[in-house]
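Participant: pasting a predicted model and its sequence here:
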Amino acid sequence: MLKIFAATAKELLLLRRDRTGLLVLFLMPAILVVLITLVQENVMELTGQKKTQVLFLDLDQGDLGISLQNHLSATNLDLVLWDKGQKNIAVIQAAVTGGGYQVGVVIPKGASARFLEETARLFQQGNGKGTPREMAATSVQLFVDPGIMAGLRSGVIAQLEMALTTIAMEAKLTRLGAVLTQTMAQAGVPPERSPLAGDKLPALFRQPLLDLQENQGESEAIGVSLYKPVQQNVPAWALFGMFFTAIPIAGSILQERNSGIWIRLTSLPVSPLVLFTGKAVAYMGVCLCQFLLIALIGAFLFPSLGLPAFTVSMHPAAVLLTVVLSSLAACGYGILLGLACKSYEQASTLGSTTVVAAAALGGVMVPVYAMPQMMQQISIISPLNWGLTAFQDLLLRGYSLSAILDDLSRLLLFFVVTVFLSWKLAGIRK
Amino acid sequence: MDQTAAMTPGNPCLLEPGLNCVVSARSLVKQYKNSDRPALNDFSLEVQQGEFFGLLGPNGAGKTTVISILTGLFPADSGSVRIGGRSFQEREHEIKQILGLVPQDIGLYDTLTARENLNFFGKLCGLSAQKLAERIQQGLEFARLTEHAHHQVATFSTGMKRRLNLAVGLLNGPQLLVLDEPCVGIDAQSRHLIHEQLKEINRQGTTILYTTHYIEEAQELCSRIGIIDNGRLVEQGNPAALLQQSGIRNLEELFLHLTGKELRDT
């Protein structure tokens, strides 16, 4: 045990003296988490998870525009009313296609009058005389930024169509009510004996008979907030930073191997496992500090950048255990890399490539569910996926420790296997 | 205080009872994977207790391979090695406690100070806190680095590094000290100091196995030398006796006579 303490203290001293290396270890994930989260906030807008800006130009200035505005205001669309003096549709089109706004809606001049006219004609046609001819629909012009994602485009169009359908339905019901009242009066039925009050039809038909109830499973019950990039990115990029410590660990081993230190160490009465443990404990400390730094950035810096704050409200002990086991897995990989490679150049190239690949596969950059089916299946081999899944289960889904035991076991097993292989290689590398 | 005396062995159980042979290597064969000829080919050597044995040989003769096998860094493909009567397969830990190795490449952490290096390697030797403190102080005095104890090794000259490299090898008070070209690239003053200290360590009972390129160094230090070439021990004995037997004037000529004058650029 004293030898492990000695090896750990030596590693910490070496780390303390390598201030540039240490700075990179902390700065790199810190910068990445801030940048990526800011960028993903924009992605949230593009995917419709934040309010989408809709440029609204009403050239008609009639009831149709007012109704549409009222309906859209109740959705997650952020209406921006265009200057009423501006009558040029090409300008609004340019503003949208140029990326300034995601969607543009234009109510053409005379649209309200045409709409009322067509509604009235609908009932004139419905009196059973002759074949009904197709109605001329009143068009509302729509412009969509070609840069937005297909999902957002469909969502916005669906919301606009829903608003227009509702407006059309209300107009038809109002008209139907008027026709009904008139018909009843002509038939000599007093209004109080009429089975339906024509003027109350629109309000009556607005009553919902079917409802869609969305559930968030366990997370809703315990009050965990819905998906946020902050809750996803803080652990994801902290994990990325942790696994990048594999490169300095490998570097420290290669420095020992390429000098007389390794020969000296192997001639001493000490097992390589003791030396590996010393390295793992020291760098695990680094990983814990990395996570703490990134969590503090998430909790305190993000709100000042207009982002939501990172919170660990549930199961902090389980979060800590996940950080510890992820760190051990990263350390084990670094030790293996240091013994498998022949030079620092080889280790840094192989290390950075494999960590970036494992991060991409593991869902750090793109969520696993957004990957093709085949990649989703492959992603389960990435240790970053195990760590990230555990973090998401704890921080987003609100699960407890028992739900993440499988991922934690995988991380621990990965550490044991990498250290075992390193121990075997240490015998060969003597 | 005599610092050299302080660094000499404290462990009396080097040899198994009834033995006088500290190093016994028999018929060692070693073939590296990327080489077409064996590094060691039926190599045998015996070093007696208290001897200062110099192993001489041209580049690529197999000196470092011999040192590596004798210190347990890797095993030979065939043959047997016993240190103080013990084999590495059975009693590696015991052998490592009585063995000191001074590697050819500097085995020190550049960004640690001299004291921190001694402290770390001393702890790995399993020294108690009190013994370790004594040994660190003795090591610094031995290497004449007391004033530089808190300076990082990176700031040291090659001579200072070599002296500290030797002091670390002596931390556990080894009974067998193995040195692989410990004076390469250093100034005359540091070399002289190291030579004097090694002679004193040997006088006080430590068996020394020393490899070198420098023939005059071997002549000055060693009670017995062995000349290795192409993985075999081609000659061994007391330097003066070897010269007398061969009728050759000096050791360098004898060395060239035995190993040839072709360049060894391996």
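Facilitator: Nice, I can see it.

Participant: mind listing what residue 166 touches?
Facilitator: As the question left the chain open, I've gone with chain A. Shown in contact with A:T166 (Cβ atoms under 8 Å, 6 or more residues apart in numbering or on different chains): A:H71. C-beta: built from backbone N, CA, C; applies to glycine.

Participant: chain B, not that one
Facilitator: When contacts are counted by Cβ under 8 Å, 6+ apart, B:L166 touches B:102, B:142-143, B:179, B:182, B:194, B:197.

Participant: burial measure for the residue of the stretch 1-150 of chain A found nearest chain B, as a count.
Facilitator: In the stretch 1-150 of chain A, the residue that lies nearest chain B is A:A6 (3.7 Å; Cβ to the nearest Cβ). A count of nearby residues for A:A6, using other Cβ atoms under 10 Å in any protein chain shown, gives 22.

Participant: what's the pLDDT at the closest residue to it other than its chain neighbours?
Facilitator: Nearest in space to A:A6, with sequence neighbours left out and distances taken as Cβ to Cβ, 6 or more residues apart in numbering or on different chains, is B:K123 at 3.7 Å. For B:K123, the pLDDT comes out at 92.

Participant: show me where the chain has its strands.
Facilitator: Picking chain A for this. For chain A, the strands defined by DSSP state E cover A:52-58, A:77-81, A:103-107, A:141-144.

Participant: switch to chain B, that's the one I care about
Facilitator: B:21-30, B:40-48, B:52-56, B:78-83, B:99-102, B:176-180, B:207-212, B:224-229, B:232-237.

Participant: let me know which of those strands is the nearest to chain A.
Facilitator: Nearest to chain A, of all these, is strand B:99-102, at 4.0 Å by Cβ to the nearest Cβ.

Participant: check whether that closest one contacts chain A.
Facilitator: Yes: judged by Cβ under 8 Å from any Cβ of the partner chain, strand B:99-102 and chain A are in contact via B:99, B:101.

Participant: how about that strand as PDB, C-alpha atoms only?
Facilitator: This file holds the C-alpha atoms of strand B:99-102, laid out as PDB (Å, rounded to 0.1, in the frame of the first residue of the first chain):
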ATOM      1  CA  LEU B  99      20.400  -6.200  -6.400                       C
ATOM      2  CA  GLY B 100      21.200  -2.600  -7.500                       C
ATOM      3  CA  LEU B 101      21.000  -1.700 -11.200                       C
ATOM      4  CA  VAL B 102      22.400   1.500 -12.800                       C
END
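
Participant: other SSEs contacting that strand?
Facilitator: For strand B:99-102, the elements it packs on are helix A:261-267, helix B:158-169, strand B:176-180, judged by 3 or more Cβ pairs under 8 Å, 6 or more residues apart in numbering or on different chains; DSSP states H and E.

Participant: so which of the ones you listed is nearest B:P75?
Facilitator: Judged by Cβ to Cβ, the one of those that comes nearest to B:P75 is helix A:261-267, at 12.5 Å.

Participant: rounded mean pLDDT for the closest one, please.
Facilitator: In this model, helix A:261-267 has a mean pLDDT of 90.

Participant: CA atoms only for it - export them in CSV, please.
Facilitator: Extracted C-alpha coordinates of helix A:261-267, given in CSV (Å, rounded to 0.1, in the frame of the first residue of the first chain):
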residue,chain,number,x,y,z
ILE,A,261,13.3,4.6,-15.7
TRP,A,262,11.4,1.6,-16.9
ILE,A,263,14.4,-0.7,-16.7
ARG,A,264,15.1,0.7,-13.2
LEU,A,265,11.5,0.2,-12.1
THR,A,266,11.4,-3.4,-13.4
SER,A,267,14.6,-4.1,-11.5
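
Participant: with that, I have no additional questions.
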